[in-house]
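In: next comes the sequence, and after it the predicted model I'd like to discuss.
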Amino acid sequence: MPRITEQQLSELRALPIEGVAQRLGLGVSRHRSLCPFHDDSHPSLHYSVAKNTYKCFVCDAHGGPIDLVMHHLRKSFVEACQWLADENNIIMQEFIPHDKPSAPKRAFNPEKYIRFFEHPFLCQAARAFLFGERKLNEKVVGWCRLNSYTDRQGTTWLQIDINGNLIGVQSRNLGHCRPSTTAPRFKFPYGHTCHIYNLPVLKLLKEGEPLYITEGASDCWAMLSSGHKAIAIPSATLLNRKDIETIRSTLIDRRSTLHMYPDQDIPGEKLYLQLTRIATDAGLCLVRHSLPPGCKDYSDFYVRHLQPKC
């Protein structure tokens, strides 16, 4: 096992964080990149050149150069140090601390959350967000079984059920925009894996009715409230073969078409191009719709120009 001096360990920790990220293939632009630790479609991994650290503002992944290699390449501390040393011509020959065994990853336990979705509750802050700010249809909120809770720190969260059978849960901080809050915008329980959102709506698709793909749950709620059937997919990498075949067979059976309003930014355009290739390979056509000038995404378009139709 290679060894390293404390001085050489300091050298590894001082390696430029953005340079390490580039070597890992993360594609840094303007001190940001897509986060490799969750299914990310908007660059949420931020690099601090001054502190030589990284931090994701969605999943709260953070650390320095060694941590980035460890978690991205799934290496131990020792292996990550060796990888960095090899990549940067640093010879390891003296002392290195013993690596601590990592705890096994816990599986998602739906029993802890099912009671929330059996009897959904929306506090005043949640109702203000969903019905006042986002102007969503109440039937859509009921269909999606959205509910809220306040933690011990006084932060109010909107809890989002995934696909009606609790294969995952996502929580959104409703106080994230206030300067006083330090909690992340989103959080996920142990063992959570991102999935396509709202797949059960496929069973309700009518003959010839279009199916829309949106980039996130918020856009999906807006699309449903405006009278369309929609699913949400934060990343094209979430579309496995089984999901693609489910969507494809449903569209063929219903004689339906696939549609999308890409977000007005580079990640939105990238996702649209990725989905176009996937749809083409599956023998489907993805129809593109353009948002009006000044609207950043479909939720923004819905709030500004549309009324709830459900």
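Out: Yes, it's here.
In: burial of His305, as a residue count?
Out: Around His305 there are 11 other residues, counting by other C-beta atoms under 10 Å. Bear in mind the C-beta positions are built from the backbone N, C-alpha and C, glycine included.
In: next one: Ser148
Out: Ser148: 22 neighbours (other C-beta under 10 Å).
In: beta partners of it?
Out: Leu158 (DSSP bridges).
In: from His42, how far off is it?
Out: 24 Å (C-beta to C-beta, to the nearest Å).
In: run the chain-centre distance for the helix ranked longest in the chain.
Out: Across the chain, the longest stretch assigned as helix under DSSP state H is helix 266-281. The gap between where helix 266-281 is centred and where its chain is centred comes out at 16 Å by C-alpha atoms, centre = their mean, to the nearest Å.
In: go on, stretch 229-247?
Out: 14 Å.
In: neighbouring contacts of it?
Out: Residues outside stretch 229-247 that contact it (C-beta atoms under 8 Å, 6 or more residues apart in numbering): 39-41, 194-199, 201-202, 204-205, 209-217, 219-220, 223-224, 258, 271, 274-275, 278, 282, 284.
In: please pick the buried ones from these.
Out: The neighbour-count test (16 or more other C-beta atoms under 10 Å) marks 39-41, 194-199, 201-202, 205, 210-217, 219-220, 223-224, 258, 271, 274-275, 282, 284 as buried among these.
In: report the beta-bridge partners for Ile213.
Out: Beta-bridge partners of Ile213, as defined by DSSP bridges: Ile231, Met260.
In: low-confidence ranges in this structure?
Out: When residues are selected by pLDDT under 70, those of the chain lie in 1-4, 88-106, 161-165, 167, 176-186, 190-194, 234-238, 267, 307-310.
In: tell me the domain ranges of it?
Out: 6-87, 110-193, 196-310 (automatic domain parsing).
In: so how far does the shortest one reach from one end to the other?
Out: In other words, domain 6-87. Start and end residues of domain 6-87 are separated by 19 Å (C-alpha to C-alpha, to the nearest Å).
In: before we move on, what about stretch 40-53?
Out: Span of stretch 40-53 from end to end, C-alpha to C-alpha: 19 Å.
In: list of residues touching that stretch?
Out: By C-beta under 8 Å, 6+ apart, stretch 40-53 touches 13-14, 16-18, 21, 26, 28-29, 31-36, 54-59, 61-65, 215-216, 234-235, 265, 267-268, 270-271.
In: got the buried residues for it?
Out: 40-47, 52-53.
In: same check on stretch 115-130?
Out: 116-117, 120, 122-123, 126, 129-130.
In: from the residues you listed, which ones fall inside helices?
Out: Among these, the members falling in helices (DSSP H) are 116-117, 126.
In: residue contacts, the closest residue to Gly27 other than its chain neighbours?
Out: Closest residue to Gly27 in three dimensions, ignoring its sequence neighbours and counting by C-beta to C-beta, 6 or more residues apart in numbering: Ser33, at 5.5 Å. When contacts are counted by C-beta under 8 Å, 6+ apart, Ser33 touches 21, 26-27, 43, 45, 47.
In: mind listing the helices for the chain?
Out: Along the chain, counting by DSSP H, helices occupy 6-14, 17-23, 65-73, 77-87, 114-118, 124-127, 138-143, 217-225, 241-254, 266-281, 298-305.
In: now those in a markdown table, with distance to Leu291?
Out: Formatted as a markdown table, those follow (distance: least, C-beta to C-beta, whole Å):
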| stretch | distance to Leu291 |
| --- | --- |
| helix 6-14 | 44 |
| helix 17-23 | 31 |
| helix 65-73 | 34 |
| helix 77-87 | 42 |
| helix 114-118 | 32 |
| helix 124-127 | 27 |
| helix 138-143 | 20 |
| helix 217-225 | 11 |
| helix 241-254 | 23 |
| helix 266-281 | 9 |
| helix 298-305 | 5 |
